[in-house]
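K.L.:
Model the structure of this input:
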Amino acid sequence: MAIPSSGDIRGQRDATGFASTAEQMEAVWIASRSAPSPRSLGESPPGPAIGALCPHDDYLLAARIYRRIMPLVQAKTVVIVGVFHRYKAFGSRGRIVLDSHRAWRSPGGEITVSPLREELAEALGDEGAVIDDVMHDSEHSIEAVAYWLGKARPDVEILPVLAPAGSFERIADLARIAGEAIAASATVRGMRLGEDIALVVSSDAVHYGRDFTHTPFGEGPAAHARAVERDIGLLTGPLAGPVSEARARDFFTAIADPRDPDTYRIPWCGRFAIPFGALALKTIAERMGENTPIGWPLAYATTAESPELPLRGTGIGTTGPADYSHFVGLPALAYYPPKA
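P.N.:
Numbering: from 1, shown residues only. Prediction:
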């Protein structure tokens, strides 16, 4: 941890790639409006989104994408489904990971953890969830998104969830149980989807380069273009349109070997988080009396083509190279109910 957890406050894993002070976050917020805009894949419907897919890469490289998607999430309570990058090291499979912190540190102050967390843990039981602060402290994917939510809405409350590793069937089953529990808790409190509660999945797209052991198109600008085309095909293919188990499975089998889910076909770190989050949101919406959510691809960029924000003087930096031999895809997708 760059800033260790203390007492009942979760600290900060990454203080290099992400803002750690209010001044840094304000500088990122302002600079994220600067040109060039990321590649547009479409416009969002009016009103607040009920869910989103957002990257968690370094702010200097990905802030323009964060800025494109995160302001659409306006609810006070946000379920954040993060990638558990180190699940193998911890031997964590087949269960979601929750934490026990009262609040999370952020550049702008404490972000309160929603009481829905305890109700979710009870619904999942020991077979479906584990509460482990050490696991959460090892992970950066949730804090990356939480800080943008806190900047836009200082009273936001989060429900931090690390997605389960496992087979598609196990992911879908846990998503259903989690979605039912969250919907029940929200309904009892009179919450409205999009207005009061939403769900964000934190995931980058392709990790391309020799050090990712993924160079199917070679290296250089032409290889980058082909990787971009393939990523956009996933965003506008199985991730777009009405959320369904079939579409979620198509995405999962495109990026992971269903016979051995630990093995990537295409290294999107959200192989577990994206299907889990989408299917959980589907269940939440349907249990709250809404129709099946629609995925709206909005934007895409890569770290190789995104000029750095000129903010290194603030103390923010990058955690890895960004060029045609080593780049990460940055997806932005919003979920909305069907048009009336």
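K.L.:
CA only for contacts and neighbour counts going forward, please
P.N.:
Noted.
K.L.:
Just the CA trace of the helix or strand hosting residue 62, in PDB.
P.N.:
Assigned by DSSP states H and E, residue 62 belongs to helix 59-69. As requested, C-alpha coordinates have been extracted for helix 59-69 and formatted as PDB (Å, rounded to 0.1, in the frame of the first residue of the first chain):
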ATOM      1  CA  TYR A  59      -4.900   8.800 -14.800                       C
ATOM      2  CA  LEU A  60      -2.300  10.600 -16.900                       C
ATOM      3  CA  LEU A  61      -3.100   8.200 -19.800                       C
ATOM      4  CA  ALA A  62      -6.700   7.200 -19.200                       C
ATOM      5  CA  ALA A  63      -8.300  10.300 -17.700                       C
ATOM      6  CA  ARG A  64     -10.100  11.300 -20.900                       C
ATOM      7  CA  ILE A  65     -11.900   8.000 -20.900                       C
ATOM      8  CA  TYR A  66     -12.800   8.200 -17.200                       C
ATOM      9  CA  ARG A  67     -14.200  11.700 -17.900                       C
ATOM     10  CA  ARG A  68     -16.300  10.300 -20.800                       C
ATOM     11  CA  ILE A  69     -18.000   7.700 -18.700                       C
END
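K.L.:
any idea how far that helix is from the chain center?
P.N.:
Centroid separation between helix 59-69 and its chain, computed with CA atoms, centre = their mean, to the nearest Å, is 13 Å.
K.L.:
repeat for stretch 317-325
P.N.:
Here the centre of stretch 317-325 is set off from its chain's centre by 20 Å, with CA atoms, centre = their mean.
K.L.:
Just the buried positions in that stretch, please.
P.N.:
Residues 317-318, 322-325 are the ones in stretch 317-325 that count as buried (16 or more other CA atoms under 10 Å).
K.L.:
nearest to residue 333, of the residues you listed?
P.N.:
Nearest to residue 333, judged by CA to CA, of the buried residues of stretch 317-325 is residue 322 at 22.6 Å.
K.L.:
Chain neighbours aside, what residue packs nearest to that closest one?
P.N.:
Once flanking residues are discounted, residue 322 sits nearest to residue 304: 5.0 Å by CA to CA, 6 or more residues apart in numbering.
K.L.:
That neighbour should be in a strand, yeah?
P.N.:
No: with DSSP: H, G, I helix; E, B strand; the rest coil as the criterion, residue 304 is located in coil rather than a strand.
K.L.:
Make residue 1 into 392 and carry on from there
P.N.:
Done: numbering now begins at 392, and the last item shifts to residue 695.
K.L.:
Name the nearest residue to residue 392, sequence neighbours excluded.
P.N.:
The shortest distance from residue 392 to any non-neighbouring residue, by CA to CA, 6+ apart, is to residue 404 (4.3 Å).
K.L.:
Could you pull up the residues touching the one you found?
P.N.:
By CA atoms under 8 Å, 6 or more residues apart in numbering, the contact list for residue 404 reads 392-395, 528-531, 534.
K.L.:
Quick one: buried ones out of these?
P.N.:
By 16+ other CA under 10 Å, those give 528-531, 534 as buried.
K.L.:
Tell me which two in these are the farthest apart.
P.N.:
Pairwise over those, using CA to CA, the maximum falls at 529 and 534, 11.1 Å.
K.L.:
average pLDDT for stretch 699-713?
P.N.:
Average pLDDT, stretch 699-713: 97.
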